[in-house]
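Peer 1: 3D, please:
(2 chains)
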Amino acid sequence: MNDILQKLAYCVENGKINKASPYPPNMKDQDGADELSKRALEEGIKPDEILENALIPAMANVGNKFSRKEIYVPQMLMAAKAMSSAMVHLKPFFQSGETKRKGKFIIGTVSGDLHDIGKNLVAMMIEGGGWEVIDLGVDVGTEKFLKAMDEHPDAVVGLSALLTTTMENMKKTVTVIKEKYSGSKILVGGAPVTREYCEKIGADFYSPDPQGAVNYLKQLVS
Amino acid sequence: MVNKTFQYDFNDLKLSVSQIENVIGYKEGEDREIVTDLIEEILKESQEISNIKAQYTIFNDVQFDSETKSVEISKIRFNIKKIVFGQIKKSESVAIFLCTAGEEIGIRSRKAMQERDFLRGYIYDVVGSEIVEAAADLMQKELEKAAISTGKKITNRYSPGYCGWDVAEQHKLFQLVPYNYCGIRLTPSALMDPEKSVSGIIGIGEKVKSNPYSCSICDLKDCIYRKAREKKS
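Peer 2: Coordinates of the predicted model:
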């Protein structure tokens, strides 16, 4: 792999955002994901390559470490922030169509539930997997999910819930989406959700952690 | 009806950096340099921005129905379900409580998240939750003191949305108290505003007891509070 992409991947994996960022302490005053991604483009490396060979594998490593409980939420959030600072430079290429995303992913925490940390983590990891994420936020009713599906009919949908009682709202949302978009794929997750519950409500996939969701999406487009 | 209101100073809660780190998941001896300074900064900021209030009202007009696992309080029936029913069924009266950290910390968490300062947003969120839980602990101690002075005991506190009790029953709970009780309002989907607030019920009576490890009765196995408490014990 190109040296600069290797360094960029290392920065993302370790949450080094930019030169001014004090974290991690052993990389103080060194360039971060922000400067390196900019420099990679200036040196003529294609945005596709930056995404495929640096950002996606770095975030996959972060996701796997989190799944293995080797890192905590803060490290994951720092990595996501570093990735985000690199994505700023790639955005114009996505907008012009020069670089294609792998697909669209609509995500939201279901109605009656305000918990968003888990939902945000999944959104960040999926964005880091090369997908365009449409984040509907928290306390999202079925109608809002349907409206987003009407705008992006090919999108995969992710539903999150933290309360045992609000996960019942997942069932309603899954049923309504499947009625209108029978071929749609719906992922569910959140502390009280299980694989059995996922099957029971007719959703397509359950993952106990963000990386599982990324792997499932990867499988869908491979 | 006994009604008590409390306004707490942030320092009354005695929140520490290590307590927040523990909730996040860090174990003894693990490197947490990434969060320590930020937690310290946000705890300091919280002294200025928190508006910590708690309030409870005691209702004596209480009837339990073991068949439907419900309780009627002042003519309003709550389907509290099996777990909560089992814990409070021997109560002679109940306290309905609300408690809030104020709105600012929730606003700052969301703003930071929107600005993609994810770690800051997350720490605001965790600190906000700890503020409101610590304040509810203080309020609960006051209630316990008052109960003991009349020869009674209290149960743990239970909230709609947990232990199988439907979050939609918040609407009924709010019917028992005046509008803007404790400065908290309810959205149509039963969420509280300010978001860093808790509501619920505490049983009072001679035959009730509190459970020192309340997480053991809950079915939320991956909750961060359960994990943090398991690690402490």
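Peer 1: mind listing what the spatially most central residue of chain B touches?
Peer 2: Nearest to the mean C-alpha position of chain B, by Cα atoms, centre = their mean, lies B:V198 at 4.1 Å. Taking Cβ atoms under 8 Å, 6 or more residues apart in numbering or on different chains, we find B:V198 in contact with B:F97, B:L98, B:C99, B:T100, B:V132, B:E133, B:A136, B:R157, B:S159, B:M192. Yep, even glycine has a C-beta here, placed from its N, CA and C like the rest.
Peer 1: One more pass at 10 Å, please.
Peer 2: B:54, B:97-101, B:129, B:132-133, B:135-136, B:139, B:157, B:159, B:161, B:184, B:192 (Cβ atoms under 10 Å, 6 or more residues apart in numbering or on different chains).
Peer 1: what pairs with the strand or helix carrying it, and is each one parallel or antiparallel?
Peer 2: Applying DSSP states H and E as the criterion places B:V198 in strand B:197-205. Strand pairing for strand B:197-205, using DSSP bridges, gives strand B:93-100 (antiparallel), strand B:153-158 (antiparallel).
Peer 1: want to throw the ones you listed into a markdown table with mean pLDDT, mean neighbour count and distance to A:D154?
Peer 2: Shown next, in a markdown table, are those (pLDDT from 0 to 100; neighbours: other Cβ atoms under 10 Å in any protein chain shown; distance: least, Cβ to Cβ, whole Å):
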| stretch | mean pLDDT | mean neighbour count | distance to A:D154 |
| --- | --- | --- | --- |
| strand B:93-100 | 97 | 25 | 43 |
| strand B:153-158 | 96 | 22 | 44 |
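Peer 1: Quick one: distance of the longest helix seen in chain A to the chain centre.
Peer 2: Longest helix in chain A by number of residues (criterion: DSSP state H): helix A:73-96. Centre-to-centre, helix A:73-96 and its host chain are 10 Å apart (Cα atoms, centre = their mean, to the nearest Å).
Peer 1: can you give me the helices in chain B?
Peer 2: B:17-24, B:33-49, B:81-88, B:104-114, B:118-148, B:170-175, B:224-232.
Peer 1: low-confidence ranges in chain A?
Peer 2: Counting by pLDDT under 70, chain A has low-confidence residues at A:1.
Peer 1: can you do 80?
Peer 2: Scanning chain A for pLDDT under 80 picks out A:1, A:114-115, A:163-168, A:191-192.
Peer 1: most centrally placed residue in it?
Peer 2: With Cα atoms, centre = their mean applied to chain A, the nearest residue to centre is A:I126, 2.1 Å.
Peer 1: Now it: which helix or strand?
Peer 2: Applying DSSP H and E as the criterion places A:I126 in helix A:117-128.
Peer 1: just A:K19 next, same as before
Peer 2: A:K19 belongs to no helix or strand, assigned by DSSP H and E.
Peer 1: Let me know the distance separating it from chain B.
Peer 2: Here the criterion is Cβ to the nearest Cβ, to the nearest Å. By it, A:K19 lies 17 Å from chain B.
Peer 1: so who does that residue touch?
Peer 2: A:K19 touches A:M27, A:K28, A:D29, A:Q30, A:D31, A:G32, A:D34, A:E35, A:L36, counting by Cβ under 10 Å, 6+ apart.
Peer 1: Next: A:L159.
Peer 2: Per Cβ under 10 Å, 6+ apart, neighbours of A:L159: A:106-110, A:113, A:119, A:140, A:145, A:167, A:169-171, A:173-174, A:177, A:186-190, A:193, A:198, A:201, A:203.
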